[in-house]
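Can you look at this prediction? I've put the sequence above it.
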Amino acid sequence: MANHKQALKRHRQSLKAQSRNRVVKSHIKKAVKNVLQAIEAKDPEQARIALQKANSVYDKAATKGVIHWRNATRHISRLTLAVNKLEQ
């Protein structure tokens, strides 16, 4: 490990960012899991509510830079298609 003051500070910053990113990614996984469970249960109303929550979580993660914005929109799009197919 580096001994320079700047390198030590950068290491501390990266550890903080890593812990924040881990929390955000776990929120994403939980939100997606809720949508998929609602789809599996064939409950369109619950799926729509869970999808709105997942959209919010994905958008916030993309805004914060945890995931790329195109990655977020692709996942939101696929979840939306699945929920729309359920409602038909």
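Right, received. Where do you want to start?

Could I get the buried residue list for the strand or helix carrying Lys85?
Element membership for Lys85 (DSSP states H and E) is helix 69-87. Burial within helix 69-87, assessed by neighbour count using 16 or more other CB atoms under 10 Å, is assigned to Ala72, His75, Ile76, Leu79, Val83, Leu86. For the C-beta atoms, the positions are set from N, CA and C on the backbone; glycine is no exception.

same deal with stretch 2-17?
Buried, per 16+ other CB under 10 Å, within stretch 2-17: nothing.

Can you give the contact residues for stretch 46-64?
24-25, 27-28, 31-32, 34-35, 37-39, 67-69, 71-73, 75-76, 79-80, 83, 86-87 (CB atoms under 8 Å, 6 or more residues apart in numbering).

quick one, the helix or strand Thr63 falls within and helix 69-87 angle?
Using DSSP H and E, Thr63 sits within helix 44-64. Helix 44-64 and helix 69-87 are oriented at 180 degrees to each other (axes from the mean of the first three to the mean of the last three CA atoms, to 10 degrees).
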